[in-house]
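Q: Structure for this input, please:
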Amino acid sequence: MQTLSNSYQFIGGCQNNREGGKRTKIFLDTASSKEIKEILQWGVISGVTTNQKIFSVEKGCNFKDRVLEILSLVDGPVSIELTNTSGSDEDLVDEASKYSRWDPKKIVIKVPMFGDGRGLRIVNRLKKKGIKTNMTCLITPNQLFLAVLAGATYVSIFFNRVRDAGLDAVKTVRDSTRIISDCGSSAELIVGSIRKPDDVYEIATASPHVITIPYKILMQMPFHQKTEDTIKEFDQAWQEFKKCEVQK
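A: Sure thing, here's the model as predicted:
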């Protein structure tokens, strides 16, 4: 395993920041109850994130019913995104309040970082109402800085979209974690927009609070051909041993 700086160590499979004591968690990026049920058995996820694109592939289901099903399965935060983005502030606050009532302890409302600052107004209003928020679609540390100050519970950096914008994605994650710490905020950094398993490794070394991973990517992470070859080699060696074993 690659050696990290002396301020970090790996404990229980997660990176532990000795200064903050927080460990990197995994959320599953899906709205599929089937996928959630399967991955829950691994014992590695702490929450679920969804958005409109994720729900668009869930054909033939009712939105509220599916969210309630996910809430019944997951013992952790479940992020659902505002959809009435062309509405007024009141419309968005009302939509957020409706979703939050489904489970105030678990529901987290995803609020986009609108370019006109409207998202910051919504986050601030929802904070005052005691509604948890996840400010999403963040690309720059400046956007994250504002989201943290506005009172977002979670702040979501889109890793590969940061790269698409020509920025250093790993540095952006690392700097964002530092900004949250320096603000004395309890906000947690979620890093999404994962396109391949190697992205997860890169992000984990930058110490976010949460990495949200699609089912397709998470399913690839346990596999390595050399591991498969090694298991096969050990199994063959055991069969050879059994042929010559002294029986009692």
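
Q: what's in contact with the host helix or strand of Glu90?
A: Element membership for Glu90, per DSSP states H and E: helix 89-101. For helix 89-101, contacts defined as CB atoms under 8 Å, 6 or more residues apart in numbering pick out 67, 80, 82-85, 87, 107, 109, 111, 118, 121-122, 125-126, 129, 131-133. The C-beta positions use only the backbone N, C-alpha and C, and glycine is treated the same way.

Q: Restrict those residues to the buried ones and give me that as a PyMOL selection.
A: Buried subset of the contacts of helix 89-101, written as a PyMOL selection, criterion 16 or more other CB atoms under 10 Å:
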select buried, resi 67+80+82+107+109+111+118+121+122+125+126+131+132+133
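
Q: From Gln41, how far out is the residue nearest the centre of the chain?
A: Most central in the chain under CA atoms, centre = their mean is Thr212, positioned 2.3 Å from the mean C-alpha point. Between Thr212 and Gln41 the computed distance is 19 Å (CB to CB, to the nearest Å).

Q: ditto for Ile213
A: 16 Å.

Q: With Ile54 instead?
A: Counting by CB to CB, the separation of Ile54 from Gln41 is 21 Å.

Q: Comparing these two, which shows the higher neighbour count?
A: Ile54 (17 against 7; other CB atoms under 10 Å).

Q: and the nearest residue to the more buried one once chain neighbours are set aside, what helix or strand is that in?
A: Nearest in space to Ile54, with sequence neighbours left out and distances taken as CB to CB, 6 or more residues apart in numbering, is Ala31 at 4.7 Å. Ala31 belongs to no helix or strand when elements are defined using DSSP H and E.

Q: Ala31 - how many residues pack around it?
A: By other CB under 10 Å, 26 other residues sit near Ala31.

Q: residue contacts, it?
A: Applying CB under 8 Å, 6+ apart, the residues near Ala31 are Thr50, Ile54, Phe55, Val57, Glu58, Arg66, Ile70.

Q: Could you dump those into JSON lines and include pLDDT and distance to Glu35?
A: Putting those into JSON lines (pLDDT from 0 to 100; distance: CB to CB, whole Å) gives the following:
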{"residue": "Thr50", "pLDDT": "98", "distance to Glu35": "11"}
{"residue": "Ile54", "pLDDT": "97", "distance to Glu35": "10"}
{"residue": "Phe55", "pLDDT": "96", "distance to Glu35": "13"}
{"residue": "Val57", "pLDDT": "95", "distance to Glu35": "11"}
{"residue": "Glu58", "pLDDT": "95", "distance to Glu35": "10"}
{"residue": "Arg66", "pLDDT": "98", "distance to Glu35": "12"}
{"residue": "Ile70", "pLDDT": "98", "distance to Glu35": "10"}
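
Q: Out of those residues, which end up buried?
A: By 16+ other CB under 10 Å, the contacts of Ala31 give Thr50, Ile54, Phe55, Arg66, Ile70 as buried.

Q: any idea how far the top helix by length along the chain is from the chain center?
A: When the chain is scanned for its longest helix (criterion: DSSP state H), the result is helix 225-244. Offset of helix 225-244 from its chain centre (CA atoms, centre = their mean, to the nearest Å): 37 Å.

Q: What lies in contact with it?
A: So helix 225-244 is contacted by nothing (CB under 8 Å, 6+ apart).

Q: average pLDDT for it?
A: Averaged across helix 225-244, pLDDT comes to 96.

Q: Need the CA coordinates for that helix. CSV is fine.
A: What follows is helix 225-244 as a C-alpha-only set of coordinates in CSV (Å, rounded to 0.1, in the frame of the first residue of the first chain):
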residue,chain,number,x,y,z
GLN,A,225,-7.1,-11.0,-11.6
LYS,A,226,-4.0,-11.7,-9.5
THR,A,227,-6.2,-12.2,-6.5
GLU,A,228,-8.3,-14.7,-8.4
ASP,A,229,-5.1,-16.5,-9.6
THR,A,230,-3.8,-16.7,-6.1
ILE,A,231,-7.0,-18.2,-4.7
LYS,A,232,-7.0,-20.8,-7.5
GLU,A,233,-3.3,-21.6,-6.7
PHE,A,234,-4.1,-22.1,-3.0
ASP,A,235,-7.1,-24.2,-3.8
GLN,A,236,-5.0,-26.4,-6.1
ALA,A,237,-2.3,-26.8,-3.4
TRP,A,238,-5.0,-27.8,-0.9
GLN,A,239,-6.2,-30.5,-3.2
GLU,A,240,-2.7,-31.8,-3.6
PHE,A,241,-2.3,-31.9,0.2
LYS,A,242,-5.5,-33.8,0.6
LYS,A,243,-4.4,-36.5,-1.8
CYS,A,244,-1.3,-37.2,0.4
